[in-house]
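Engineer: Please work out how this folds:
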Amino acid sequence: MIPSPLRKAGVRAAFGAISLALAFAQAPAAKPARAATLHGHVSDAAGSPAIDVFVFLERATENPGVNGALTHGVETQKVHTSGKGNFNFPSLGEGAYTIYAQTVSGARSPRTHLTLKARENKTVDLAFRPSSAAESQPASSTAASGSSTQQAPDFYDQPQFTVAGVTEASNSGGHGIENIKRASEALVKATGSLSKDSPDKLPDQTTPPAAETKSGAVTNEALESQRATLRARITADEKASSDAEQNLSGSPPNSQPPDSRQSSAKKSPPPLTNLAQADLHHQLAQLDETLGDPLEAVNEYQRAEELAPSEPHCFDWATELLTHRALEPATEIFEQGHRHYPQSVRMLLGLGAAWYARGDDDQAAQYFRDASDLAPADPTPYMFLGRMETAETMPSEETVNYFARFARLAPNNPWANYYYAVGLWRRALSEGPVDDPTFTQIEALLQRAIQFESNFAAAHLQLGTLYGAHEDYPKAIAEFQKAIATDPNLEEAHYRLALAYRRTGNSSGAEKEMQIHDQLQAKAKEDAERRRKSIQQFVISLQD
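Structural biologist: Coordinates of the predicted model:
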């Protein structure tokens, strides 16, 4: 594992001035004195001019809200490319921007981040990545679980690695300190949960039902029986395929008596299609993983993708590699999937989780934000981004703006309010003492989160931390106690309650809470190490 790089503080610019807001609006009759211009060219995947596609230009905004608190958002302009693939934004204010091109069907070019200065004339060229499935689905039709209707590529990308075996996990918890390790593990697990609804089940294929005990639990014996049945079906189909190939290869037509050939034909079922074969291998991979045989599972996932390349097959193969800490191979397959299925939200989320596990926080955050841009109303990308950023010292300015969009689009979602509050809180701390308007805004967001989820331990903890920073210890203590009542194993709540007790002279209470914190911390570390050692790690052989 590579060490986590230094966190970048992010780029900030002042966006509140009215003159700049007016400059960003649609081109006025007279060009502002300090306006910047941005122009460039868009190429398609073949390098030809991309004609009549949209070019979007986004800028984060900050505006005074209620009680003087700042509200955050994103302003967007768009233009069409000309007949030669050119575009032009003639009148822009200075600041940080994001630009990308998008076809009418939703395929997007990579996002480019830039900063404009007053009176600057900047050129930026955009290009769509090669993809056999590009422009297959509009962005609005996708969800975090992918889309079964996206066109499959007509070829299979040969990986640059092989899985040579498995070994006991070593340093498998991610990069950096313990809370970042836990965040990485949580993101890997969350990526795996996106596989559960893989839309690749064929309606004309039936899997033998697993036997259940009287309690309803599926036994290992039942799963083993189901796996044996699937393997037998695959073997029979391979034989049928081999027989069919021999018949087509020109076997002597009179090598057997007619009656014998007819009898043989009746006994041999016709071979399945590649898609049906792939479905059987995919089901077998799931059983192999459930029964603790990840090496067989990863090979079956790969076989499914070889036979019938599809978004679900590619995603589940990459996720299997990620789960067993084959981080570079997992990144390779997720990137392959993103090329072929640019509208798959979960492929971007998997890419982000893989890069975060490899220690590249900035790259991970960008993929999570790109996933959010594909489906702005989907809470899943924000949850991935939030889980990552709450483990960091400070979220970037751009990420805080995404949390602002989450809260704006889902005002009744407790997590939307919570993550936005945490982002504002950490950003404010990095700038010095939290001012009253920002305090009021953060407090309102956390209270709103609790309003929609009363047993929200993390929100109570953050609210207590907010009050403690303003030395309102009675309120802080009350919130910490509510957090602990909801989640007695919340280590940080016990720690902060101990500090609050100490500040108010309750030495015995402080000592008790600190002891509980130390015990929980030791147990959590022990449980984490046990869990990490239980996950077998793939041994990878790179191809020349």
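
Engineer: From now on I want contacts and neighbour counts done on CA atoms only, so please keep to that.
Structural biologist: OK.

Engineer: any idea where the helices of the stretch 101-250 of the chain begin and end?
Structural biologist: For the stretch 101-250 of the chain, the helices defined by DSSP state H, counting those that start in this stretch cover 178-193, 220-248.

Engineer: Between those helices, which has the poorest mean confidence score?
Structural biologist: The stretch with the lowest mean pLDDT among the helices of the stretch 101-250 of the chain is helix 220-248, at a mean of 80.

Engineer: now for that one, which elements pack on it?
Structural biologist: Counting contacts by 3 or more Cα pairs under 8 Å, 6 or more residues apart in numbering; DSSP states H and E, helix 220-248 is packed against helix 274-290.

Engineer: Report the buried residues of the helix it packs on.
Structural biologist: Neighbour-count burial for helix 274-290 flags 275-288 (criterion: 16 or more other Cα atoms under 10 Å).

Engineer: on that earlier part again, can you lay out the helices of the stretch 101-250 of the chain as TSV showing distance to K482 and mean neighbour count?
Structural biologist: Output for the helices of the stretch 101-250 of the chain, formatted as TSV (distance: least, Cα to Cα, whole Å; neighbours: other Cα atoms under 10 Å):
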stretch	distance to K482	mean neighbour count
helix 178-193	23	20
helix 220-248	42	15
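
Engineer: For F56, list each beta-bridge partner.
Structural biologist: With DSSP bridges as the criterion, F56 is bridged to K78, Y100.

Engineer: Do I have it right that it meets H80?
Structural biologist: No - with contact defined as Cα atoms under 8 Å, F56 does not reach H80; the gap is 9.0 Å.

Engineer: on that earlier part again, please produce a markdown table containing the helices of the stretch 101-250 of the chain, extended by distance to Y402.
Structural biologist: Below are the helices of the stretch 101-250 of the chain laid out as a markdown table (distance: least, Cα to Cα, whole Å):
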| stretch | distance to Y402 |
| --- | --- |
| helix 178-193 | 18 |
| helix 220-248 | 43 |
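
Engineer: and D378, which of those helices is closest to it?
Structural biologist: helix 178-193 (15.0 Å; Cα to Cα).

Engineer: Minimum distance to S48: which of the helices of the stretch 101-250 of the chain has it?
Structural biologist: helix 178-193 (36.1 Å).

Engineer: Which other helices and strands does that closest one contact?
Structural biologist: Against helix 178-193 (3+ Cα pairs under 8 Å, 6+ apart) you get helix 311-323, helix 345-357, helix 379-389.

Engineer: what mean pLDDT does the following helix or strand past the shortest one have?
Structural biologist: If I follow you right, that is helix 379-389. The helix or strand immediately downstream of helix 379-389 is helix 397-409, counting by DSSP states H and E. The average pLDDT for helix 397-409 rounds to 94.

Engineer: quick one: buried residues of helix 397-409?
Structural biologist: E397, E398, T399, V400, N401, Y402, F403, A404, R405, F406, A407, R408.

Engineer: between the residues you listed, which is closest to A365?
Structural biologist: Nearest to A365, judged by Cα to Cα, of the buried residues of helix 397-409 is T399 at 7.8 Å.

Engineer: Tell me the spacing between the closest one and L374.
Structural biologist: 15 Å (Cα to Cα, to the nearest Å).

Engineer: Report how many residues lie close to the residue lying closest to Y473 once chain neighbours are set aside.
Structural biologist: Of all residues not flanking Y473 in the chain, A500 sits nearest, at 6.2 Å (Cα to Cα, 6 or more residues apart in numbering). A500 has 24 neighbours, counted by other Cα atoms under 10 Å.

Engineer: need the contact list for A500.
Structural biologist: G468, Y473, A476, I477, A510 (Cα atoms under 8 Å, 6 or more residues apart in numbering).

Engineer: quick one: contacts for the residue nearest to the spatial centre of the chain?
Structural biologist: Nearest residue to the geometric centre of the chain (Cα atoms, centre = their mean): L349, 1.8 Å. Applying Cα under 8 Å, 6+ apart to L349 gives the contacts T191, Y367, F368, A371, P381, F384.

Engineer: can you redo the residues you listed as a markdown table with distance to A232?
Structural biologist: Below are these laid out as a markdown table (distance: Cα to Cα, whole Å):
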| residue | distance to A232 |
| --- | --- |
| T191 | 31 |
| Y367 | 41 |
| F368 | 41 |
| A371 | 40 |
| P381 | 40 |
| F384 | 40 |
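
Engineer: Considering these, which possesses the most neighbours?
Structural biologist: A371 (30 neighbours).

Engineer: how would you label that one: helix, strand or coil?
Structural biologist: helix (DSSP: H, G, I helix; E, B strand; the rest coil).

Engineer: so what's it closest to, chain neighbours aside?
Structural biologist: Using Cα to Cα, 6+ apart, the closest residue to A371 is V345 (5.1 Å).

Engineer: Hmm, the one you found is touching L374, no?
Structural biologist: Yes - V345 is within contact range of L374, at 6.6 Å (criterion: Cα under 8 Å).

Engineer: of these two, who's got more company?
Structural biologist: More crowded of V345 and L374, by other Cα under 10 Å: V345, with 28 against 25.

Engineer: ok, of the contacts of L349, which one's closest to N455?
Structural biologist: F384 (21.1 Å).

Engineer: Let me know whether that closest one touches L187 as I believe.
Structural biologist: Yes - when contacts are counted by Cα under 8 Å, F384 is listed as touching L187 (6.6 Å).

Engineer: Okay, now the unreliable bits of this structure?
Structural biologist: Residue ranges of the chain with pLDDT under 70: 1-34, 60-74, 104-106, 130-156, 169-176, 196-218, 241-272, 393, 543-544.

Engineer: can I get the buried residues of helix 274-290 in a markdown table with distance to T229?
Structural biologist: A markdown table is the format used below for these (distance: Cα to Cα, whole Å):
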| residue | distance to T229 |
| --- | --- |
| L275 | 19 |
| A276 | 15 |
| Q277 | 14 |
| A278 | 16 |
| D279 | 14 |
| L280 | 10 |
| H281 | 12 |
| H282 | 14 |
| Q283 | 11 |
| L284 | 10 |
| A285 | 13 |
| Q286 | 14 |
| L287 | 11 |
| D288 | 13 |
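
Engineer: Which one of the residues you listed is nearest to A416?
Structural biologist: Nearest to A416 among the buried residues of helix 274-290: Q286, at 33.3 Å, using Cα to Cα.

Engineer: Once you drop chain neighbours, what's closest to the closest one?
Structural biologist: A297 (6.6 Å).
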